[in-house]
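**Student:** Would you be able to build a 3D model of this:
(one chain, ligands or ions: 2)
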Amino acid sequence: MPSIKILDKEFVPYLSEQTIQEKIAELAIQLNKDYEGKKPLFLSILNGSFLFTADLFKQITIEAEVSFIKLASYKGTSSTGNVITAIGLDINVKDRHIVILEDIIDTGKTLHHYLPQLANMQPASVKIAVLLNKKEALQFPVDIDYSCIDIPNKFVVGYGLDYDGLGRNNKAIYQLKED
Ligand code: IMP
Ligand code: MG
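**Tutor:** Ligands and ions are numbered 1, 2, ... in the order given. Below is the predicted model of the structure:
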């Protein structure tokens, strides 16, 4: 696979479409088993998770729902920064079994800030499923229940993940090239 250029940066192939799809298929099998009879609500965090969510959800064979929220994090005056809800939940999650779908966990900031808000809505359970887990980058404690692929602390693009808004429309995942 050739490298790709996005704006000023070069990215080298890192995870093939086949690898990604195999890991998602394994996750779907596990979720179909764990959530049988529970009618889970898959809660996808936009934007990055849209392809992961679509490919996973197509392989969910049990009764299940999917919905989307959009969280945006920005660095305010406080050192931890803030996470704002740009598009919020439009359904009642009380007593529902929720599986959060995230493309990647990096510092953990986004979910660490959002989880207490979700807990206030009294769901029956909340678990987190991620495609990519940058374990070494974690700064805010978040328990990941389902993790498809552990990756090193390097910037990646493709398969929904962007660099400055671009690069999401690649079927594979690419890693920033070191100089
Ligand atoms: P966190 O709040 O630091 O865990 O960051 C989570 C969000 O940051 C992810 O949902 C992505 O949207 C974005 N992000 C983190 N690492 C990368 C990366 O390597 N490439 C592209 N986006 C990333
Ligand atoms: Mg994301």
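**Student:** residue nearest the centroid of this structure?
**Tutor:** residue 102 (1.3 Å; CA atoms, centre = their mean).
**Student:** That one belongs to a strand, doesn't it?
**Tutor:** Yes: with DSSP: H, G, I helix; E, B strand; the rest coil as the criterion, residue 102 is located in a strand.
**Student:** For the chain, which residue gets nearest to ligand 2?
**Tutor:** Ligand 2 sits closest to residue 48 of the chain, with a gap of 3.2 Å, by CB to the ion. (Glycine included, C-beta is placed from N, CA and C.)
**Student:** so what's that residue scoring on pLDDT?
**Tutor:** What the model reports as pLDDT for residue 48 is 96.
**Student:** Quick check on residue 161: phi, psi?
**Tutor:** phi -90, psi 140 (degrees, to the nearest 10).
**Student:** Flag every residue of this protein that's near ligand 1.
**Tutor:** Residues of the chain lying close to ligand 1 (CB under 6 Å from any ligand atom) are 48, 73, 102-110, 155-157, 161-162.
**Student:** just for this protein, where's the confidence low?
**Tutor:** By pLDDT under 70, the low-scoring segments of the chain are 74-81.
**Student:** could you redo the last one with a cut-off of 90?
**Tutor:** Within the chain, the ranges that satisfy pLDDT under 90 run 1, 72-84, 178-179.
**Student:** Counting by contacts, list what the longest helix anywhere in the chain packs against.
**Tutor:** Across the chain, the longest stretch assigned as helix under DSSP state H is helix 17-34. Contacts defined by 3 or more CB pairs under 8 Å, 6 or more residues apart in numbering; DSSP states H and E place helix 17-34 against helix 50-57, strand 125-133, strand 146-150.
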